Structures are given as structure tokens and as C-alpha cells.
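A.B. asks: Predicted model, plus sequence, below.
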Amino acid sequence: MSSPENPRGRAQSRADESADVELSHEDRKLVTLARGARSRVGAPEGAAVRDETGRTYSGATVSLETLSLSALGLAVAQAVAAGGHHIDAVALVTGGELTDDDRKLVKEFGHESTPIVLADSRGTVSAVLYGDARIRGHHH
């Protein structure tokens, strides 16, 4: 079910910077969960993941004196602690880009075609990554 606010694209072997991006209902839900996790605690980032069974987990950046976790690191840790083996989709609500550490997490627990949806605090998708490929979203 697509709408003008919800465009979807799939990367082939290269990124297409001008492609429209449409999210599935399930991926849009991940963005909503990531936004909620971020806003609940006023964190710089929020993340949500879906495991191979369809269960979802969300988290926000943790920055304590004795513990630091990225939002995505926390969401993946929750999935693994609950018995998940693979991450099928990721949403990251951030003002920045995917870090190398977060990219490594997705590589370890995801697969080459695991979508990584990057969105801002309003839920506007800025990009969808598949491995090293990137599709930019244009939302009006």
C-alpha cells in the first residue's frame, strides 16, 4: 500500500541518488518506533529493528559515564537477548549518518539486502541503504 508520503525503491548494484523511496507498512512502523524511542528520552538518535520472526525492538542512544551504546546497538542487543538471530530491517532516526560501528552491526546481524532507513526527527526519510548502495528519498 503506497502513498505519496511513502515512496519505495530497491537498490541494484549501485546507488541511485535521485530515486524515490517508498517504505512498506512494516518499515514505516520501524521509523515510528525509532522516533518514539528517541523522543521519549530526548536522545540524539533512536533506532528500531525487525528480526527474522517479525518481532520489533527499539532503543535510544545511551550516554552514561560507565556505559555508552548507540541507539542501533541497543536495539540489536535487545533483539539478540530475546533470541533473534538475524535483523531483517533497520530504521535510524538521526541528524547524522550511519556510523561505521552501526554499519558493522547490520553487517554482522543482517544480510546484504537488509534495508537501513535513515530518517529525521519528523520521520522524513533521507535515505535507504542496502549494503553500500544508497537510495535518496524526496518528500514534499
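C.D. replies: Thanks, I have it. Nothing here was measured: the structure is a model prediction, and the numbers come from that model.
A.B. asks: just the helices in this protein please.
C.D. replies: In the chain, the helices defined using DSSP state H lie at 25-41, 71-81, 100-109.
A.B. asks: what pairs with the spatially most central residue of the chain across the strands?
C.D. replies: In the chain, the centroid-proximal residue (CA atoms, centre = their mean) is A91; its distance is 1.7 Å. A91 forms beta bridges with A48, V117, as assigned by DSSP bridges.
A.B. asks: I figured it hits D120, correct?
C.D. replies: No: A91 is beyond contact range of D120, at 11.7 Å (criterion: CB atoms under 8 Å). The way it works is simple: take the backbone N, C-alpha and C, and place the C-beta from them, glycine included.
A.B. asks: Out of the helices of the chain, which one sits most buried?
C.D. replies: helix 71-81 (a mean of 21; mean count of other CB atoms under 10 Å).
A.B. asks: Thought L67 was touching L74, still the case?
C.D. replies: No: between L74 and L67 there is no contact under CB under 8 Å: 10.1 Å.
A.B. asks: E108 versus the residue nearest to the centre of the chain, what's the distance?
C.D. replies: Using CB to CB, to the nearest Å, A91 is found at 18 Å from E108.
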